[in-house]
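Enquirer: I need the structure of the sequence given here:
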Amino acid sequence: MKKVFIDTNVVLDFVLHREHCADVKAVVAWLVEKQVPMIISVGGFYTMHYVIDKYLRKTFYLDRIGRDKPLRTLLTRILQTFVVAEHDNNSLLRGVSSPDYVDLEDSCQFQLALRSGCDILVTLNAKDFRQTDGILIVTPQQFKERYVTN
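Expert: Purely as a prediction, here's the structure:
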């Protein structure tokens, strides 16, 4: 296993302690221990910023000033844990033009995983991805069952 692409929804479950947090925590801990780079997209990072900020506002009723420190802390932890990869025009064009995907964001994430040399993509919506091009598509639970518990 060279690199693992972590979909945006997986990171958000981990950071916000949502439904799949326990599985994601086990996956991330195992990958950190094995020193396998975990790749996220720069677009995903922007989405995380927005969702985490909204979560802090709605859950804790924090104003902009009150959200600033916890938001920066969470985003810093994300950047310290994951490697942020960027698209180029060609990978975005492949993502947008791929007939294999209805969800263009998923298509672009997949293209970035390819561009980044990932051999596994971990996502909560594995059914929306096509198994191809040597990238194994798994949920956090499937990853945990296949690698962490063995």
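Enquirer: and the strands in this structure?
Expert: Applying DSSP state E to the chain gives strands spanning 4-6, 38-41, 83-85, 120-122, 136-138.
Enquirer: which of those strands sits most buried?
Expert: With neighbours defined as mean count of other C-beta atoms under 10 Å, the strands of the chain peak in mean count at strand 4-6, which reaches a mean of 28. In this view, the C-beta of every residue, glycine as well, is placed from N, C-alpha and C.
Enquirer: coming back round to it: columns mean pLDDT on top of the strands of the chain, output as CSV?
Expert: Conversion of these to CSV gives the following (pLDDT from 0 to 100):
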stretch, mean pLDDT
strand 4-6, 98
strand 38-41, 98
strand 83-85, 98
strand 120-122, 97
strand 136-138, 96
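Enquirer: so which of the ones you listed is nearest Ile65?
Expert: Shortest distance between Ile65 and those, using C-beta to C-beta, is found for strand 83-85: 26.6 Å.
Enquirer: what separates that closest one from the chain centre, distance-wise?
Expert: On the basis of C-alpha atoms, centre = their mean, to the nearest Å, the separation between the geometric centre of strand 83-85 and that of its chain is 10 Å.
Enquirer: same question, stretch 116-129
Expert: 9 Å.
Enquirer: same deal with stretch 58-73?
Expert: Distance of stretch 58-73 from its chain centroid, counting by C-alpha atoms, centre = their mean, is 22 Å.
Enquirer: which residues touch that stretch?
Expert: Counting by C-beta atoms under 8 Å, 6 or more residues apart in numbering, stretch 58-73 makes contact with 49, 52-53, 56-57, all of which sit outside it.
Enquirer: how about the strands of the chain, which one is nearest Asp23?
Expert: Once C-beta to C-beta is applied to the strands of the chain, the stretch that comes out nearest is strand 120-122, at 9.7 Å.
Enquirer: mind listing residues that contact stretch 130-138?
Expert: 5, 100-101, 110, 113-114, 118-123, 126, 129, 146.
Enquirer: now the end-to-end length of that stretch.
Expert: The first residue of stretch 130-138 is 11 Å away from its last residue (C-alpha to C-alpha, to the nearest Å).
Enquirer: show me where pLDDT drops low in the protein?
Expert: The chain contains residues with pLDDT under 70 at 133.
Enquirer: which residues in it form helices?
Expert: Along the chain, counting by DSSP state H, helices occupy 8-15, 21-33, 42-60, 64-81, 89-97, 104-115, 140-143.
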